[in-house]
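[1] coords please:
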Amino acid sequence: FNSDTGEQVFSQGVTFGLIGQYSLDIPQKSFKVTSRAKYGNKYFNAALFEDRPYDQYKSFVLRVSGNDAVWTRMVDGVQSRLVDQLNTTVIHQAWKPVIVYLNGQYWGHYNMRERVSRHFVAQHEGIPLEEADNMTILEGNSKSFWGSNAEYRELLTKAKTLSPGKNPDDLKYLTDRIDVENYFDYMIFEAFFANTDTGNIRYYKVPGGKWKWILFDMDYGLFNSSANGIRNILNPKGTGVNNAIDNTLIRKLLENNEMKDQFLRRFGEIFRQLTTEVMLRQIQECYDLLQPEMMMHFERWASFNLKSI
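    Model (predicted):
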């Protein structure tokens, strides 16, 4: 139901499942909600998010906010809405706080999000949902999420041998395969928000396209003020928790002076747009949306949390 108008947005049979195996061990769990043809509807024919132009979805997520579940419950949404204010090709999830009831029982506040899947990519890339199977999506350190990782693994292996700062052909090999503008924006967002938990990385390639990146699961962005985002993305040992993510591509591209200049100028543009005032205003807006529900929500769940929290 729409909380403002009281209108029913949709009512149909769905597949309802748990997600979030790495979330804090608390009883309130995250869910994925998927429409199935066997229940009468292949898609949700509804405009689920006011700030997205779509009126049809294959699935969506009801998320407790991952590692932020017992803290702000909105830091991921704040970052998504800040990125909404920038002109970027990096796709990211819409954020809408909702109240959930299960079998008539109050289940508290959830963050409704677009689900990061091939249908999500197809929608943002302007591809019909029926053609969503015709792409590749990888996650983490080139693990296959949808399709084969062979092409990306070949790119990564070859990149380690290149000298794009000295050889124009080496640079061309990379720029022919990587959407550099998209990739730089993605890496800048990770550095700007100082995201220290970069395990949930997904990137994709549509037929005839170049590799592009998705920004999502930023629960550890804007978390630790002492985190060094630049050092994190450029660490020669790797990026993220335990340096688990290979960062050869960003380091190789920045060997080239032209690419380094493009990266730094773009970083400067984002610094000028995401000012302290802009960020505080967005935090306040998200806080105001959640605040009326939080007392009731924590009355429902606080006793189950760790006593230290």
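
[2] So R266 sits against F189, correct?
    No. Using CB atoms under 8 Å, R266 is not in contact with F189, being 10.8 Å away. C-beta: built from backbone N, CA, C; applies to glycine.

[3] between these two, which one's more packed in?
    Applying other CB atoms under 10 Å to R266 and F189 shows that F189 carries more neighbours, namely 24 against 16.

[4] In which helix or strand does F16 reside?
    Per DSSP states H and E: F16 is located in strand 14-19.

[5] The following helix or strand past that strand - which strands sit beside it in the sheet, and in what orientation?
    Later in the chain than strand 14-19, the nearest helix or strand by DSSP H and E is strand 30-35. Sheet pairing of strand 30-35 (DSSP bridges) gives strand 14-19 (antiparallel), strand 59-63 (antiparallel).

[6] Same list (the ones you listed) but as TSV, adding distance to Y39 and mean pLDDT.
    Below are those laid out as TSV (distance: least, CB to CB, whole Å; pLDDT from 0 to 100):
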stretch	distance to Y39	mean pLDDT
strand 14-19	7	88
strand 59-63	13	95
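
[7] Go through these and pick out the most buried.
    The highest average neighbour count among the strands paired with strand 30-35, using mean count of other CB atoms under 10 Å, belongs to strand 59-63 at a mean of 22.

[8] Show me what the longest helix anywhere in the chain is packed against.
    Among the elements of the chain assigned as helix by DSSP state H, the one spanning the most residues is helix 276-301. Under the contact criterion of 3 or more CB pairs under 8 Å, 6 or more residues apart in numbering; DSSP states H and E, helix 276-301 touches helix 75-84, strand 95-102, strand 105-114.

[9] and the strand holding F16 with strand 95-102, angle?
    Strand 14-19 runs at 110 degrees relative to strand 95-102, counting by axes from the mean of the first three to the mean of the last three CA atoms, to 10 degrees.

[10] Check what contacts strand 14-19 and list those residues.
    K29, S30, F31, K32, V33, T34, S35, R36, Y39, V61, R63 (CB atoms under 8 Å, 6 or more residues apart in numbering).

[11] Make JSON lines from those and add distance to A227 to it.
    Formatted as JSON lines, the contacts of strand 14-19 follow (distance: CB to CB, whole Å):
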{"residue": "K29", "distance to A227": "28"}
{"residue": "S30", "distance to A227": "25"}
{"residue": "F31", "distance to A227": "30"}
{"residue": "K32", "distance to A227": "30"}
{"residue": "V33", "distance to A227": "33"}
{"residue": "T34", "distance to A227": "35"}
{"residue": "S35", "distance to A227": "39"}
{"residue": "R36", "distance to A227": "41"}
{"residue": "Y39", "distance to A227": "44"}
{"residue": "V61", "distance to A227": "26"}
{"residue": "R63", "distance to A227": "23"}
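
[12] Flag the least confident of these.
    Least confident of the contacts of strand 14-19 in the model: Y39, at 81.

[13] From V14, how far out is it?
    7 Å (CB to CB, to the nearest Å).

[14] ok, now G108?
    20 Å.

[15] hmm, back to that, go through the helices and strands packed on helix 276-301 and pick out the most buried.
    Note that of those, helix 75-84 is the most buried (mean count of other CB under 10 Å), with a mean of 22.

[16] Alright, that wraps it up for me.
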